[in-house]
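Peer 1: Return a 3D structure for these sequence lines:
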Amino acid sequence: MNNLSNTIIVAKESKQMTWQAIADALEMSTVWTTSACLGMNSMPKDKAEALCSLLELGPEVCAALQKYPTKVWQQTVPTDPLIYRFFEIMGVYGDTLKEVIQEKFGDGIMSAIDFNMEVEKEENPNGDRVVVTMNGKFLKYKSW
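Peer 2: Sure, this is the predicted structure:
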């Protein structure tokens with residue numbers, strides 16, 4: 001995690017706010033807002049200003065939030081159990097998802113740019129369920 005993210009998280013915690021509450025105040029999705037605060041997306045100026053006003057952060061944070069990020073993550077197997085499970089899901093089901101998506105859409109990929117994701121809690125008597133919905137535009141490979 002970078003210094004910008006740490007600054008935002010400290011402010012969030014000192015205000016006793018949740019990511020959901022912050023996202024609601026910005027009128028943005030929780031997943032996108034959290035991702036931007038963790039340095040993986042840039043914020044439009046109005047959203048960066050609103051966040052900094054909400055969390056009482058300085059102009060340097062506002063400016064940093066608007067910069068285009070370099071999206072880099074660890075290339076090793078993650079050890080955090082929750083993150084590892086997503087890594088494991090892609091290891092087990094990645095080829096299956098690729099086959100099913102390409103069978104339905106053709107030769108291409110799901111965009112991570114024209115994309116949104118939601119995380120919901122589904123109460124279940126056998127144990128609460130995590131529902132992750134990913135919705136990305138299909139981008140067809142072209143031949144030339």
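
Peer 1: Every contact and neighbour count from this point should use C-alpha atoms.
Peer 2: Noted.

Peer 1: Quick check, central residue of this protein?
Peer 2: The chain has residue 35 as the residue nearest its centroid, 4.1 Å off, counting by CA atoms, centre = their mean.

Peer 1: Please name the nearest non-neighbouring residue to it.
Peer 2: residue 41 (6.1 Å; CA to CA, 6 or more residues apart in numbering).

Peer 1: Give me the below-cutoff pLDDT ranges for this protein.
Peer 2: Where the chain drops to pLDDT under 70, the residues are 1, 143.

Peer 1: quick revisit: let's verify the residue nearest to residue 35: helix, strand, or coil?
Peer 2: coil (DSSP: H, G, I helix; E, B strand; the rest coil).

Peer 1: What is the neighbour count of it?
Peer 2: 19 (other CA atoms under 10 Å).

Peer 1: Dump the lengthiest strand in the chain to CSV, keeping only the CA atoms.
Peer 2: If you go by DSSP state E, the chain has its longest strand at strand 108-122. In CSV, the C-alpha atoms belonging to strand 108-122 read as follows (Å, rounded to 0.1, in the frame of the first residue of the first chain):
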residue,chain,number,x,y,z
GLY,A,108,-12.0,-11.6,-27.3
ILE,A,109,-11.8,-10.5,-23.7
MET,A,110,-13.9,-8.9,-21.0
SER,A,111,-12.8,-5.3,-20.5
ALA,A,112,-11.4,-4.2,-17.1
ILE,A,113,-11.7,-0.6,-18.3
ASP,A,114,-15.4,-0.5,-19.3
PHE,A,115,-16.2,-2.5,-16.2
ASN,A,116,-18.0,-2.4,-12.9
MET,A,117,-18.1,-4.8,-9.9
GLU,A,118,-20.3,-5.1,-6.9
VAL,A,119,-19.9,-7.0,-3.7
GLU,A,120,-23.1,-8.0,-1.8
LYS,A,121,-23.8,-10.0,1.3
GLU,A,122,-26.5,-12.8,0.9
